[in-house]
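K.L.:
Provided below for reference: sequence and predicted model.
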Number of protein chains: 2
Amino acid sequence: MEPQTICYRPIGVLHTPFADSEGAPIQPAGARGVEGEAVIDPAYAEGLKDLEGFSHLILIYHCHRSGPCRLVVTPFLDGRPHGLFATRAPARPNPIGLSVVRLVGVEGRRLHLKDVDMLDGTPLLDLKPYVPEFDQPFGPVRTGWLAERAAEAARRRGDRRFHRSE
Amino acid sequence: MEPQTICYRPIGVLHTPFADSEGAPIQPAGARGVEGEAVIDPAYAEGLKDLEGFSHLILIYHCHRSGPCRLVVTPFLDGRPHGLFATRAPARPNPIGLSVVRLVGVEGRRLHLKDVDMLDGTPLLDLKPYVPEFDQPFGPVRTGWLAERAAEAARRRGDRRFHRSE
């Protein structure tokens, strides 16, 4: 249906304390206060002007250690299988990750972050300022199978079920 | 610094009433109630199971009509230039768009949506269920130059400043 291929180049790299999916947080809620860094490619440094006014960033990144796509997955937060798109598992057709993190400082092209939940070395594709007027859902929110499970993301740690073997 | 290229294939296409940037909404807040559709590639239909339990989706898409990257832009909501990454302008190194929309129905591999603000024919890269416990910022939010401008996104319409000429 959509034969085209869309190619991106990372704008930088994310540094975090997490070398492996085993034991890593599964969402920023499980990484409160965890410090990390985004190092932006020098070619794009000029685009960081005015960023320090924002307290939170939306990071969009490539889950480089994610294994092959699986359309039905048993996610970390449930023992039952679910359709992939009804989960946040990284085993997606395009393994794009998304995290809302705190921006605690800008030092040249190094962004000091908190609440980082991704693996060390993750290629960063884009970053956007978080803006409640743009990013908060409109109307009442329902969260399906996650309704009674989402809070558990603050404690649950990952394992290697979606990890790519070298 | 990051020489690799990351290639994706769309998982589907977004249909909206907006054929051109001129006059289109600039955020979902300016598209309240506007109906659209995501049509998912048949290859991925199985991954939609359980999605209907969620009221909101995060759409991640390729801004296919965006012009070349500009590191300093004068965004729709301000008359002054800002660093690109301190804005939501589509003229990004990787023109990835992000919108939180309402899911009003699932009919096979057609997702009926509301609050769609992207252009018709936009290639969809990923969709995720919106989960407040995962996606809401932690701690107080500051929004820099947008603090007194963001609310205006509900009324302001786009123009062709970031549009790619054919």
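P.N.:
Noted; the coordinates are in hand. Numbering: from 1, shown residues only, chains lettered A, B, ... in the order given.
K.L.:
tally of neighbours for A:Arg149?
P.N.:
A:Arg149 is flanked by 17 other residues according to other C-beta atoms under 10 Å in any protein chain shown. All C-beta spots, glycine's among them, are computed from the backbone N, C-alpha and C.
K.L.:
and A:Thr122, by the same measure?
P.N.:
25.
K.L.:
contacts only, for it.
P.N.:
A:Thr122 makes contact with A:Val13, A:Leu14, A:Thr16, A:Tyr61, A:His62, A:Cys63, A:His64, A:Gly97 under the criterion C-beta atoms under 8 Å, 6 or more residues apart in numbering or on different chains.
K.L.:
quick one: which of those residues has the most company?
P.N.:
A:Leu14 (27 neighbours).
K.L.:
if we can go back for a sec, which of the contacts of A:Thr122 sits closest to B:Leu146?
P.N.:
Set against B:Leu146, the nearest of the contacts of A:Thr122 by C-beta to C-beta is A:Tyr61 (22.8 Å).
K.L.:
gap between the closest one and B:Asn94?
P.N.:
11 Å (C-beta to C-beta, to the nearest Å).
K.L.:
take the contacts of A:Thr122 and lay them out in JSON lines including pLDDT.
P.N.:
Putting these into JSON lines (pLDDT from 0 to 100) gives the following:
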{"residue": "A:Val13", "pLDDT": "98"}
{"residue": "A:Leu14", "pLDDT": "98"}
{"residue": "A:Thr16", "pLDDT": "98"}
{"residue": "A:Tyr61", "pLDDT": "98"}
{"residue": "A:His62", "pLDDT": "98"}
{"residue": "A:Cys63", "pLDDT": "97"}
{"residue": "A:His64", "pLDDT": "96"}
{"residue": "A:Gly97", "pLDDT": "98"}
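K.L.:
near chain B, from the residues you listed?
P.N.:
Of the residues in these, proximity to chain B by C-beta under 8 Å from any C-beta of the partner chain holds for A:Val13, A:His62.
K.L.:
tell me the secondary structure at the closest residue to A:Gly121 other than its chain neighbours.
P.N.:
The shortest distance from A:Gly121 to any non-neighbouring residue, by C-beta to C-beta, 6 or more residues apart in numbering or on different chains, is to A:Val13 (6.3 Å). Secondary structure assignment for A:Val13 (DSSP: H, G, I helix; E, B strand; the rest coil): strand.
K.L.:
ranges for the helices of chain A?
P.N.:
A:132-135 (DSSP state H).
K.L.:
how about low-confidence regions in chain A?
P.N.:
Where chain A drops to pLDDT under 70, the residues are A:1-3, A:166.
K.L.:
and the longest strand for it?
P.N.:
Secondary structure assigned by DSSP state E gives strand A:96-107 as the longest strand of chain A.
K.L.:
for chain A, which segments count as strands?
P.N.:
A:6-8, A:12-15, A:35-40, A:56-62, A:72-73, A:82-83, A:96-107, A:110-114, A:122-129.
K.L.:
got the angle for the third one vs strand A:122-129?
P.N.:
Here strand A:35-40 runs at an angle of 90 degrees relative to strand A:122-129 (axes from the mean of the first three to the mean of the last three C-alpha atoms, to 10 degrees).
K.L.:
what strands line up against the longest strand of chain A, and which way round?
P.N.:
strand A:56-62 (antiparallel), strand A:110-114 (antiparallel) (DSSP bridges).
K.L.:
point out the most buried one among these.
P.N.:
Looking across these with neighbours counted as mean count of other C-beta atoms under 10 Å in any protein chain shown, the highest average goes to strand A:56-62: a mean of 24.
K.L.:
re the thing from before, can you add distance to A:Asp120 and give the strands paired with strand A:96-107 back as CSV?
P.N.:
Below are those laid out as CSV (distance: least, C-beta to C-beta, whole Å):
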stretch, distance to A:Asp120
strand A:56-62, 12
strand A:110-114, 13
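K.L.:
of these, which is nearest B:Phe162?
P.N.:
Evaluated over the strands paired with strand A:96-107, closeness to B:Phe162 peaks at strand A:56-62, with 18.0 Å, by C-beta to C-beta.
K.L.:
may I have the closest one as CSV, with CA atoms only?
P.N.:
Output of strand A:56-62 as CSV, limited to C-alpha atoms (Å, rounded to 0.1, in the frame of the first residue of the first chain):
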residue,chain,number,x,y,z
HIS,A,56,10.4,19.0,29.4
LEU,A,57,11.3,17.5,26.1
ILE,A,58,9.7,14.8,23.9
LEU,A,59,12.4,12.5,22.7
ILE,A,60,11.8,10.5,19.5
TYR,A,61,14.4,7.8,19.1
HIS,A,62,15.3,4.6,17.3
